[in-house]
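**Student:** Next input, structure requested:
(4 chains)
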Number of protein chains: 4
Amino acid sequence: MAEKINVAVIGASGYTGLELLKILTVHPMFHITYVGTSEGGEDVVKMHPSLLNVAKGKAQKSEASQIAKVADLAFLALPHQASMGFAKVLLVHGVKVVDLSADYRLSQEVYEAHYCPHEDPENIPKAAYGLPELHREAIKSAQLVANPGCYPAASLLALVPFLPYMRADAPVFIDAKSGISGAGKKPNPLTQFVNINENMMAYNPFSHRHEPEIKEQLFLRNNQPKQVFFVPQLIPITRGMLVNAYVQLKENIDPVAVLEAFYANEPFVRVRKEPVTLKATAGSHFCDIFAKEKESVLFLSSSIDNLLRGASSQAVVNANIMCGLDEYMGIPTLSYVP
Amino acid sequence: MAEKINVAVIGASGYTGLELLKILTVHPMFHITYVGTSEGGEDVVKMHPSLLNVAKGKAQKSEASQIAKVADLAFLALPHQASMGFAKVLLVHGVKVVDLSADYRLSQEVYEAHYCPHEDPENIPKAAYGLPELHREAIKSAQLVANPGCYPAASLLALVPFLPYMRADAPVFIDAKSGISGAGKKPNPLTQFVNINENMMAYNPFSHRHEPEIKEQLFLRNNQPKQVFFVPQLIPITRGMLVNAYVQLKENIDPVAVLEAFYANEPFVRVRKEPVTLKATAGSHFCDIFAKEKESVLFLSSSIDNLLRGASSQAVVNANIMCGLDEYMGIPTLSYVP
Amino acid sequence: MAEKINVAVIGASGYTGLELLKILTVHPMFHITYVGTSEGGEDVVKMHPSLLNVAKGKAQKSEASQIAKVADLAFLALPHQASMGFAKVLLVHGVKVVDLSADYRLSQEVYEAHYCPHEDPENIPKAAYGLPELHREAIKSAQLVANPGCYPAASLLALVPFLPYMRADAPVFIDAKSGISGAGKKPNPLTQFVNINENMMAYNPFSHRHEPEIKEQLFLRNNQPKQVFFVPQLIPITRGMLVNAYVQLKENIDPVAVLEAFYANEPFVRVRKEPVTLKATAGSHFCDIFAKEKESVLFLSSSIDNLLRGASSQAVVNANIMCGLDEYMGIPTLSYVP
Amino acid sequence: MAEKINVAVIGASGYTGLELLKILTVHPMFHITYVGTSEGGEDVVKMHPSLLNVAKGKAQKSEASQIAKVADLAFLALPHQASMGFAKVLLVHGVKVVDLSADYRLSQEVYEAHYCPHEDPENIPKAAYGLPELHREAIKSAQLVANPGCYPAASLLALVPFLPYMRADAPVFIDAKSGISGAGKKPNPLTQFVNINENMMAYNPFSHRHEPEIKEQLFLRNNQPKQVFFVPQLIPITRGMLVNAYVQLKENIDPVAVLEAFYANEPFVRVRKEPVTLKATAGSHFCDIFAKEKESVLFLSSSIDNLLRGASSQAVVNANIMCGLDEYMGIPTLSYVP
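**Tutor:** The predicted model follows:
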């Protein structure tokens, strides 16, 4: 039996950190040797009481040089800007890095226009964009993978197969809905139960930072700029994401046939004949996609678990590929249905 | 003190029937003299236990000739097709009718293309479309008012002010979300708690029957056909509706100024500076609208209570107007917040 | 037409403050002349956006002497301890006070054992306990009314009719559930949507501060100490409260007959033949009670809206009584069903 | 590598059937050779769309003699009464049976008093009660295991350790709450989203059929009859169960120490120092228990996943034991948090 690969989870106190711990604890080949948080010192079970009798140990105050001593690969479940500081050092020490933040997802120019000055621009071009259905070969040989944002993951898997059919001059509209876990663990008034239960609203319409990420990835696929208008919304559920896209086509097509051909060999993209439901993917790595065409207008509806396919299970898939393991080893397939 | 006006509620067992009973029971000028259901004989409180100590009496098996004897105005909270049978007779007897079904909302041609053969085509042209912000004068003198569908109500109030600014050749996309009460009271698998809780999905994309209603009303406003692509969705809340629309404009505009001018004298349309929330209108007759423009693309987000502004409070507003009462007499203003 | 009575709402930024504003804004005889918050200066609509086009004006930094100049009666929707400071001064100025905090609900001894030192002990014996079904006469002549806690209101209305039948030596168990609005508006980790959605848990079992309030009120009714064990729980709903009580009886009784006799003339207590639902009272002032006996053991289930019957509508009923108005003037009767 | 054991899932269309399929599909040693439903012929993925790319094959119309040919062990996820017909025949053919219905949980006398005449009374005494923490040895050698009801599972695990300390003459009160999946998949008015969302209510108070099951199991542990008063309630969540019990003790005890001693070697019972949450066990086989004592009164709060520990994961644990496998092979440990 092969020896296990030592991994570190940095930023273990948040929701994506917890999902990483859950997947990695039962993963056949990864062994967690380092759990890092910003403060350090917390018992993992105290931090995540649902892990009693499942995981154990203490979190440490994250330090890149310490991580490099005990881990071959590190998952960075950190806010943007915090992440690049760690990645830079870890890469120097030869540690493989899967970065769940935005820090290496965008070109330097676009990043700095929407986030902040970049402190590690040299590594940006070396990072693979971690959506294997679109970038598998690059991920295989990468030392650094930039895990996609949750909205871009769901959007790109739906849109990319249709790039050849889109009218060049017409905008793409994306109306997206995310469960509240997407807003992170830190208490704030908006995500209080009383505010969001029985409620729903758009936020940052046309100005969310995942909009340029989607645009850039679409551009990279076919070297054509694409107008994208993106509106995210909060819905009163804990986890899950539904992304609807409206696309104007050059001609009539059979969109289901396009999807089925594009994803013929991809077990974790499921082409649906009925409109996708959010819940059929919650708890799993699946991305479900539905498509319907009418009068050269295309409706796409894509469903993922925002914390898994939109973050943590995607990160482990990328780690599997980077380490030469079976791509889907230890990846959750069973959804939270019923 | 003026004498009260006798009214009938036909179809009192459903959700919109219950909302009518609630509003009319505390209405200063309407007096319910007839409560009709398809079977008759049920105690109103047995049918709606929340009305104990609020309402009383028995429902009767609905009969148009009986209704005409005791009521000056009838609310028809019936399924389409059932409604026109009653309306036809009631109108002959001089009873005013507010029809909450689809039966008189559309031209005969469009109706028959999407519903069924019409049994009372003569009265279609006499019906006023019951959205007072757009058709107040017609409602004043009408004996028959066709109450708008819930999706069209929220969509039209947002879209109509922008008709002069829309690109003629570009489609309008409407991504709409409804609470589950919109699916009616009859048990079905889709609306079981376990199926819809923590879930969300589109249904009838590009083929819902409110799409032609929206198109026809937009056409009637400016005699120009408009391509409309409409996708409704179910969200895991009981009541409320959020309608997002994506519109391509001829030029840059200040959309908030357009809305504020259009609705300057309309107390029940509230122009919001922040994206509207579904809950701020639930329980009330308000329609909240938010608008944002970027690169000649317009995002609209409109929130109503699907059972009130989308059905029953709208019906009572129409009845108020038809009877010469103050338009907003007895209309709910207090939302279910918190 | 009688002149309106000027009232002040102190603590207007919280949930019970909002409910007071909602009820008072449409109340026929009360006129809000003062809206107070701890900071002052906020626009009422900014504080509560759902009140746009319903209420207006600015909140003021609460000051007792200013309040006394403009209001005949003040509602104190403040935390315990903060309340007594205001009440003390307002009473000196002849202002009637309905206090929604715990400050005057308990004897000094019990209060200080569970809360903090009391700063206004002289007024404690003058305060009427504001549950009119049990203390109507005292409220009529009181200048100061202590509005009951939400759990005690639901518990006492169910338990008091059965005091003569209870076994003296046997404890009463109360298993209570509250919607999340009961935890107040201030963000905290426990009441984040992600933590409480699809979740439920007890808190402060056998040590919640409403336990001594229930015990003391039961004692005052029949001068016999009563063992009460109280466990509150949070449930994933916004508003509403369900209180179950388990009581050992001296003998077999017909509990429904007991309740019906006790509440024969009380329109806002509804004796139910089926187990009460939480939603049938949400949005209204009703208290619904169900009772079942088996082998000399009594099960009671009582449902109220925690923010209305458990706070704000109860406060307005008390104010109505104190001012000689019709007891139920302007009190909400229509529940949030469906 | 050991050869896999062939198993059948009968009643695969319901919620517990789905959970069995999910666990067994990824179980290292069980191989599903037969999927049975009452009608047969349905594609498994059509029946459970969330299983696309996870499971495949067609359900068959359940027939005991066919099952016996292809399976060494059968899971019966059937309604009571239906189950015993299958079990009887399967046992004759030497098939091991885990019955998730009530058919073999009770003595014949108690069963017939609360359910219906028993058609297979000979096998009742041969059935082991499938709660391994209490009956592990009996399960090891049993051919037939009666899987506990969901409420009894959560209640007994909390109560049994305290039997030596209970006052013989005092009743035990159980106030239990179940997620809606406990009501099964068949649509009915009560479990419609609109009825149960933002709502909660007791049902069958003091007359639910799990009450005699709890009483009988408590009696079997110490040969003393115990008065048990049981009130189940529905709460607006999909899955999970919280059971509170109120017990009068002979003397003061340290209840946490009692639990920790009793469950010292049981990895799937977690003794909690804080009141248990429903969600920390949802999705897993864990039972979390909290205990607090005051004045010789004991409060117990127990949390399980009603479909897993209360049904399907318990059934697979029992099958593991019956087949000599590691007791917890393939049993879910990762809860649905966040």
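
**Student:** can you list the domain ranges for chain A.
**Tutor:** Following automatic domain parsing, chain A resolves into domains at A:5-147+A:311-322, A:151-304.

**Student:** right, is the shortest one up against chain C?
**Tutor:** Right, domain A:151-304. Yes: applying CB under 8 Å from any CB of the partner chain, one finds domain A:151-304 touching chain C at A:180-181, A:185, A:187-189, A:191-198, A:236-238. Heads up, the C-betas are built off the backbone N, CA and C, glycines and all.

**Student:** Quick check: mean pLDDT of that domain?
**Tutor:** Summarised as a single mean, pLDDT over domain A:151-304 is 97.

**Student:** Start and end of it, how far apart?
**Tutor:** End-to-end span of domain A:151-304 (CA to CA, to the nearest Å): 9 Å.

**Student:** Can you add distance to D:I174 and mean neighbour count and give the domains of chain A back as TSV?
**Tutor:** Formatted as TSV, these follow (distance: least, CB to CB, whole Å; neighbours: other CB atoms under 10 Å in any protein chain shown):
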stretch	distance to D:I174	mean neighbour count
domain A:5-147+A:311-322	25	21
domain A:151-304	27	21
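
**Student:** Make TSV out of those and add distance to C:E137.
**Tutor:** Below are the domains of chain A laid out as TSV (distance: least, CB to CB, whole Å):
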stretch	distance to C:E137
domain A:5-147+A:311-322	51
domain A:151-304	37
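
**Student:** Looking at those domains, which is nearest to D:G41?
**Tutor:** domain A:151-304 (19.3 Å; CB to CB).

**Student:** Next one: that closest one, is it in contact with chain D?
**Tutor:** Yes: Domain A:151-304 lies within reach of chain D by CB under 8 Å from any CB, at A:181, A:185, A:198, A:238-239, A:267-268, A:270, A:272, A:274, A:277, A:279-280, A:283, A:286.

**Student:** Quick one: the strands in chain A, in order.
**Tutor:** A:5-10, A:30-37, A:60-61, A:73-76, A:96-99, A:128-129, A:144-146, A:172-178, A:201-202, A:228-234, A:241-248, A:269-272, A:287-294, A:297-304 (DSSP state E).

**Student:** Can you add distance to A:L325 and give those strands back as CSV?
**Tutor:** Formatted as CSV, the strands of chain A follow (distance: least, CB to CB, whole Å):
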stretch, distance to A:L325
strand A:5-10, 8
strand A:30-37, 9
strand A:60-61, 26
strand A:73-76, 11
strand A:96-99, 12
strand A:128-129, 16
strand A:144-146, 14
strand A:172-178, 30
strand A:201-202, 40
strand A:228-234, 33
strand A:241-248, 27
strand A:269-272, 20
strand A:287-294, 21
strand A:297-304, 22
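
**Student:** Now find how far off-centre the longest helix along chain A is within its chain.
**Tutor:** Using DSSP state H, we find that the single longest helix of chain A is helix A:210-222. Remark: helix A:210-222 is offset 15 Å from the chain centroid, using CA atoms, centre = their mean, to the nearest Å.

**Student:** Output the contacting helices and strands for it.
**Tutor:** Judged by 3 or more CB pairs under 8 Å, 6 or more residues apart in numbering or on different chains; DSSP states H and E, helix A:210-222 is in contact with helix A:108-114, helix A:150-159, strand A:228-234.

**Student:** Tell me which residues are up against stretch A:26-34.
**Tutor:** A:2, A:4-10, A:21, A:24-25, A:60, A:66-67, A:70-71, A:73-74, A:316, A:319, A:323, A:325, A:329-330, D:333-334 (CB atoms under 8 Å, 6 or more residues apart in numbering or on different chains).

**Student:** Can you get me the start-to-end distance on it?
**Tutor:** From start residue to end residue, stretch A:26-34 stretches across 16 Å - CA to CA.

**Student:** can you tell me how far A:V271 sits from A:S302?
**Tutor:** Between A:V271 and A:S302 the distance is 11 Å, computed by CB to CB, to the nearest Å.

**Student:** Quickly list what's touching both of the two.
**Tutor:** A:I289, A:F290.

**Student:** quick one, what contacts A:C323?
**Tutor:** Applying CB under 8 Å, 6+ apart to A:C323 gives the contacts A:I5, A:M29, A:D72, A:L73, A:K96.
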